[in-house]
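> Fold the stuff below for me.
(4 chains)
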There are 2 protein chains.
Amino acid sequence: MDHKTSIIIVDDHPLFREGLKAIIGRSARYEVVGEAGSGRGGLLLAGKHKPDIALVDIALPDQSGLELIREMLKSSPRTRILIISVHSNIDYIVKAFQSGAFGYIIKVSAADKLLEGIEHVMQGDYYMDTAVSQQVVKKLAGLMAAEKIVTGSGYDALTPREQEVMVLLAEGRSIQQVADKLFISPKTAENHRANIMRKLGLHSTLELVRYAAKLGIIDIDSWKA
Amino acid sequence: MDHKTSIIIVDDHPLFREGLKAIIGRSARYEVVGEAGSGRGGLLLAGKHKPDIALVDIALPDQSGLELIREMLKSSPRTRILIISVHSNIDYIVKAFQSGAFGYIIKVSAADKLLEGIEHVMQGDYYMDTAVSQQVVKKLAGLMAAEKIVTGSGYDALTPREQEVMVLLAEGRSIQQVADKLFISPKTAENHRANIMRKLGLHSTLELVRYAAKLGIIDIDSWKA
DNA sequence: TCCCGCATAGGTGATTTCCCCATGAAAATT
DNA sequence: AATTTTCATGGGGAAATCACCTATGCGGGA
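Residues are numbered from 1 along each chain as shown, chains lettered A, B, ... in the order given. You can find the predicted model right below:
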């Protein structure tokens, strides 16, 4: 490598910044070229130094770290951003990556996780702390857990075929699409739909979606992402 | 620890099984108590030994490794299953965890990843190979990458009247109901609707509801009540 | 055997959707 | 002031969908 990897730190706790610098200082490959205690400060730093890496606390006094990510990437698109957070909450994690972060590390993690994360990110990979991947996996596995709740309602009064149709409709498929997917005539699909509506006491497609959402047949939480 | 961690291996390649055993043998804490080259064999082993860990190839000659996971957990629920796969495809990963796996490792990974994974899983944690978390993050980030574009060409580009119409539509009102509510012709309401769709890049009513949910125009959380 | 539930599909008229176009008023631009 | 653009309002017509009803073949129980 012909030059050191430049790093900026954005975190409102001076002591924590010192800690990060100490850890980074252990490796001769990295160099902290600036630090800031606020989002505004971080943005200026990013614009000025165009660093290779930015370590950003997700909870900043003047703005959300998520916004900062987006702003930073506008002025310095090549900077790889690593989020450092106290939260291992799945929503934060998802939003961080969606905002353009390349890595997500929990504050309580061991020091070597940080260097590990930086290395991965420098290689163009994403990086998730172990504690973070826990959450992500739970989220993924959770989709299935939700599907199990589907008993004890009118839903299991539906025939297997009707349940198939219902899932597709809840996902927003049109009658024609359902028919194609199940290799049946549109008319048949329509009839299944009508029977579903009657059995469940529904009167519009949106009500059907609501019903499906309530049973966990579809995941409306992912809509909010 | 008062006894060694017991491990069984299910993989149809004898050579690969040898490789795994060699790696595991490096640590005195682990003991391979059985191995099988098929799903059926693996199931018998699991029932007989009730091992702490099962390393399972996802691609088995006689059945899907995913089915095997479920069967195994029935006869030996306390066994922690680690999937070993050549695929880093997101669909396999998700299904593996949904089926009850605790870890997912790619075959090409370095040897220490295997031991790392086994340790994590023994602690009750989930484990994902780095290459795997790449896919998962891309999946998470990817969802919005598509929708993000829509957000940019946003809701505030709508005229006031269009926003009114949008709210009513998002609440599930029909064109006729919207027209009545706003004292306009159904045709006008229809036109507003079409303009909204075009401006926001939507193609169905459900997409419109999703969009509205994302912006908080409607409260989909109350659906779950 | 007879009946009923299930999956399949058609008919018909009303409604909705989709994709054009048109007009007047207001707002912005020149 | 003159012109263009945008907004809200509507319509026409073809295509799709909906609502409601009927019908057929098939399999499992009473």
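> So what's the residue count around residue A:156?
10 (other CB atoms under 10 Å in any protein chain shown). No exception for glycine: its C-beta is placed from N, CA and C like everyone else's.
> let me redo that: residue A:15
Around residue A:15 there are 8 residues (other CB under 10 Å).
> In the one helix or strand it maps to, which of the residues would be classed as buried?
Per DSSP states H and E: residue A:15 is located in helix A:14-25. By neighbour count on 16 or more other CB atoms under 10 Å in any protein chain shown, the buried set for helix A:14-25 is A:17, A:20, A:23, A:24.
> Now do the second one against DNA strand C, distance only.
To DNA strand C, residue A:20 is 48 Å away according to CB to the nearest atom of the strand, to the nearest Å.
> hmm, back to that, with the buried residues of helix A:14-25 in mind, which one is nearest to residue A:94?
residue A:20 (24.2 Å; CB to CB).
> Please name the nearest non-neighbouring residue to that closest one.
residue A:9 (5.5 Å; CB to CB, 6 or more residues apart in numbering or on different chains).
> Over to that neighbour. Which of the three states is it?
strand (DSSP: H, G, I helix; E, B strand; the rest coil).
> Can you give me the neighbour number for it?
Applying other CB under 10 Å, I find that residue A:9 has 25 neighbouring residues.
> Any idea what it is bridged to?
residue A:35, residue A:55 (DSSP bridges).
> Pretty sure it sits against residue A:49.
No. The criterion here is CB atoms under 8 Å, and residue A:9 misses it with residue A:49 at 11.4 Å.
> between the two, what contacts are shared?
Residues touching both residue A:9 and residue A:49 (CB atoms under 8 Å, 6 or more residues apart in numbering or on different chains): residue A:34.
> thinking again about what came up before, which elements pack onto the helix holding residue A:15?
strand A:5-10, strand A:30-36, helix A:111-122 (3 or more CB pairs under 8 Å, 6 or more residues apart in numbering or on different chains; DSSP states H and E).
> For those, which has the smallest mean pLDDT value?
Lowest mean pLDDT within the helices and strands packed on helix A:14-25: helix A:111-122, a mean of 79.
> Could you confirm whether it reaches chain B?
Yes. Applying CB under 8 Å from any CB of the partner chain, one finds helix A:111-122 touching chain B at residue A:120.
> contacting residues around that helix?
In contact with helix A:111-122 (CB under 8 Å, 6+ apart) are residues A:5, A:7, A:20, A:23-24, A:26-27, A:30, A:52-53, A:80, A:82, A:102-103, A:105, A:126-127, A:129-130, B:130.
> PyMOL command for the buried members of the residues you listed?
With 16+ other CB under 10 Å as the criterion, this PyMOL line picks the buried residues out of these:
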select buried, (chain A and resi 5+7+20+23+24+30+52+53+80+82+102+103+105+126+127+129+130) or (chain B and resi 130)
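> same question for the helix or strand hosting residue A:95, mean pLDDT?
In this assignment (DSSP H and E), residue A:95 forms part of helix A:90-99. For helix A:90-99, mean pLDDT is 73.
> which helices and strands does that helix pack with?
So helix A:90-99, by 3+ CB pairs under 8 Å, 6+ apart, packs with helix A:65-75, strand A:80-85, strand A:103-106, helix A:130-147, helix B:130-152.
> the inter-axis angle of it versus helix A:65-75?
Angle of helix A:90-99 versus helix A:65-75, following axes from the mean of the first three to the mean of the last three CA atoms, to 10 degrees, is 10 degrees.
> Buried residues of stretch A:179-198, list them for me.
So for stretch A:179-198, counting by 16+ other CB under 10 Å, buried means A:179, A:184, A:188, A:189, A:192, A:193, A:196, A:197.
> Quick check: the gap between the nearest residue to residue A:24 once chain neighbours are set aside and residue A:19.
Distances taken as CB to CB, 6+ apart place residue A:30 nearest to residue A:24, at 4.9 Å, with adjacent residues excluded. Using CB to CB, to the nearest Å, residue A:30 is found at 15 Å from residue A:19.
> Residue A:86 now?
Distance, residue A:86 to residue A:19, by CB to CB: 14 Å.
> can you check residue A:76 too?
24 Å.
> Likewise for residue A:48?
Relative to residue A:19, and taking CB to CB, residue A:48 is found at 24 Å.
> Likewise for residue A:73?
26 Å.
> thought the residue nearest to residue A:24 was touching residue A:23?
No. Using CB under 8 Å, residue A:30 is not in contact with residue A:23; the gap is 9.5 Å.
> Quick one: low-confidence residue ranges for chain A.
A:1-2, A:61-64, A:87-91, A:108-111, A:124-125, A:130-154, A:221-222, A:224-225 (pLDDT under 70).
> Give me the most central residue, it.
residue A:94 (1.4 Å; CA atoms, centre = their mean).
> Can you tell me the element the residue of chain A positioned farthest from its centre falls in?
Distance from the C-alpha centroid of chain A, by CA atoms, centre = their mean, peaks at residue A:187 (39.8 Å). Assessed by DSSP H and E, residue A:187 sits inside helix A:186-200.
> residues in chain A within reach of DNA strand C, list them.
A:159, A:160, A:161, A:162, A:182, A:184, A:185, A:187, A:188, A:190, A:191, A:192 (CB under 7 Å from any atom of the strand).
> Closest one to residue B:44 out of these, please.
Relative to residue B:44, and with distances defined as CB to CB, the nearest of the residues of chain A next to DNA strand C is residue A:160, at 32.1 Å.
> Look at that closest one and say how many residues are nearby.
7.
> measure it to residue A:71 for me?
51 Å.
> Over to residue A:5?
The gap separating residue A:5 from residue A:71 is 22 Å, by CB to CB.
> again with residue A:161
51 Å.
> neighbour count winner among the two?
residue A:71 (17 against 13).
> what's the helix or strand for the closest residue to that one other than its chain neighbours?
Sequence neighbours aside, residue A:43 is the residue nearest to residue A:71 in space, at 5.4 Å (criterion: CB to CB, 6+ apart). Here residue A:43, judged by DSSP H and E, is contained in helix A:39-49.
> hey, C-alpha coordinates of that helix in PDB?
Presented in PDB, the C-alpha positions along helix A:39-49 are these (Å, rounded to 0.1, in the frame of the first residue of the first chain):
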ATOM      1  CA  GLY A  39     -22.700  15.800  12.700                       C
ATOM      2  CA  ARG A  40     -21.900  19.200  11.300                       C
ATOM      3  CA  GLY A  41     -18.300  18.800  12.200                       C
ATOM      4  CA  GLY A  42     -18.100  15.400  10.700                       C
ATOM      5  CA  LEU A  43     -19.500  16.600   7.400                       C
ATOM      6  CA  LEU A  44     -16.900  19.300   7.200                       C
ATOM      7  CA  LEU A  45     -14.200  16.800   8.000                       C
ATOM      8  CA  ALA A  46     -15.400  14.400   5.300                       C
ATOM      9  CA  GLY A  47     -15.500  17.200   2.700                       C
ATOM     10  CA  LYS A  48     -12.100  18.400   3.600                       C
ATOM     11  CA  HIS A  49     -10.200  15.100   3.900                       C
END
